[in-house]
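Engineer: okay, predicted coordinates and the sequence, questions at the end:
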Amino acid sequence: MAREGYINIVVALGITLILATISFFSGESLYWKIPSMLSGLFLLFTLYFFRDPEREVKQNPKHILSPGDGVIVEIKDVDDEYVGKAIKITMFLSPFNVHINRAPISGRVSFVQYKYGAFKAAYAEDASEVNEQSIVGLENDRIKVKFAQVAGAVARRIINYLREGDEINQGDRYGLIKFGSRMDITIPRSAKVKVELREAVRGGLSILAEVN
């Protein structure tokens with residue numbers, strides 16, 4: 001279970017227990033029974049959302065791993081001020097995906113930038129440009145990559161534990177986006193992309209690209 005979800009789980013549990021108690025002492029009338037059942041379902045969803053499964057990450061300096069679970073929705077060439085001539089890969093995370101974020105490569109954090117913005121739906125075409133997001137630049141002696149946790153219409157809480165100068169290993173957990181979102185990762189254009197549009201990926205397991 002992700003520690004970032006403890007408060008949400010406690011709140012959902014408290015509401016469920018209060019409504020269940022009121023429903024019991026009110027003779028289980030529908031007026032209280034229905035809200036009690038709905039709060040129970042919300043508690044189950046909250047427990048499911050904040051799951052944090054253990055994963056056997058196979059670290060490989062030639063691979064760029066997916067930073068999150070989701071579906072690839074965009075792959076395009078870009079010119080990036082940090083990476084240079086690059087490819088940006090975007091994935092959409094539904095509320096039913098695991099939302100733990102992981103480092104795509106091993107390296108040193110060059111910068112962490114928090115960009116305030118809008119809360120458009122995560123699948124909107126311009127969400128990467130206008131939505132609130134946390135951006136990380138990470139590099140090693142082989143490669144530079146940039147990746148961003150992007151908020152959505154429902155996901156309005158971005159958690160990122162990385163700071164400039166931190167060292168992190170490929171596949172290590174570094175943050176989480178609450179309740180649906182998207183992630184962008186910008187990689188050098190020289191890397192060979194190994195995924196396709198609409199392909200499902202898993203954080204720390206799926207190989208997005210291979211470094212030449």
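Structural biologist: Looks like it arrived, so ask away.

Engineer: name the helices or strands packed onto the strand or helix carrying Gly40?
Structural biologist: Taking DSSP states H and E as the criterion, Gly40 maps to helix 30-49. Helix 30-49 makes packing contacts with helix 6-25 when contacts are defined by 3 or more C-beta pairs under 8 Å, 6 or more residues apart in numbering; DSSP states H and E. In short, each C-beta sits where N, CA and C put it, glycine included.

Engineer: and the helix it packs on, which residues are buried?
Structural biologist: Neighbour-count burial for helix 6-25, counted by 16 or more other C-beta atoms under 10 Å, picks out Asn8, Ile9, Ala12, Ile15, Thr16, Leu19, Ala20, Ser23.

Engineer: run the chain-centre distance for it.
Structural biologist: 27 Å (C-alpha atoms, centre = their mean, to the nearest Å).

Engineer: what angle separates that helix from helix 30-49?
Structural biologist: Compare the direction of helix 6-25 with that of helix 30-49 by axes from the mean of the first three to the mean of the last three C-alpha atoms, to 10 degrees and you get 160 degrees.

Engineer: I'd like to know how far Phe45 sits from Arg189.
Structural biologist: Noted for Phe45: a distance of 40 Å to Arg189, by C-beta to C-beta, to the nearest Å.

Engineer: what do you get for Phe50?
Structural biologist: Taken as C-beta to C-beta, the span from Phe50 to Arg189 is 36 Å.

Engineer: what pLDDT does the nearest residue in space to Val98 that is not next to it in sequence get?
Structural biologist: Among residues not flanking Val98 along the chain, Asp69 sits closest, at 4.5 Å (C-beta to C-beta, 6 or more residues apart in numbering). Asp69 carries a pLDDT value of 93.

Engineer: now Asp69: phi and psi?
Structural biologist: Torsion angles at Asp69 (phi, psi; degrees, to the nearest 10) stand at phi -90, psi 150.

Engineer: cool, Glu196 as well?
Structural biologist: Note on Glu196: its backbone torsions stand at phi -130, psi 170 [degrees, to the nearest 10].

Engineer: circling back: between Phe50 and Arg189, tell me which one has more neighbours.
Structural biologist: Phe50 (20 against 15; other C-beta atoms under 10 Å).

Engineer: wait, that one sits on Ile9?
Structural biologist: Yes. Phe50 is within contact range of Ile9, at 6.6 Å (criterion: C-beta atoms under 8 Å).

Engineer: report the buried residues of the worst-scoring helix or strand of the chain on mean pLDDT.
Structural biologist: Sorting the helices and strands of the chain by mean pLDDT, DSSP states H and E puts helix 127-130 at the bottom, at a mean of 76. Judged by neighbour count using 16+ other C-beta under 10 Å, the buried positions of helix 127-130 are Ala127, Ser128.

Engineer: Asp141 should be in a strand, yeah?
Structural biologist: No. Per DSSP: H, G, I helix; E, B strand; the rest coil, Asp141 lies outside any strand segment and is coil.

Engineer: any idea how far it lies from Val112?
Structural biologist: In this view, Asp141 and Val112 are 21 Å apart by C-beta to C-beta.

Engineer: which one's more surrounded, the two?
Structural biologist: Taking other C-beta under 10 Å, Asp141 and Val112 do not tie; Val112 has more neighbours (17 against 7).

Engineer: what does the helix or strand hosting that one rub up against?
Structural biologist: Secondary structure assignment for Val112, by DSSP H and E: strand 107-115. Strand 107-115 has contacts (C-beta atoms under 8 Å, 6 or more residues apart in numbering) with 82, 132-140, 143-144, 158, 160, 162-168.
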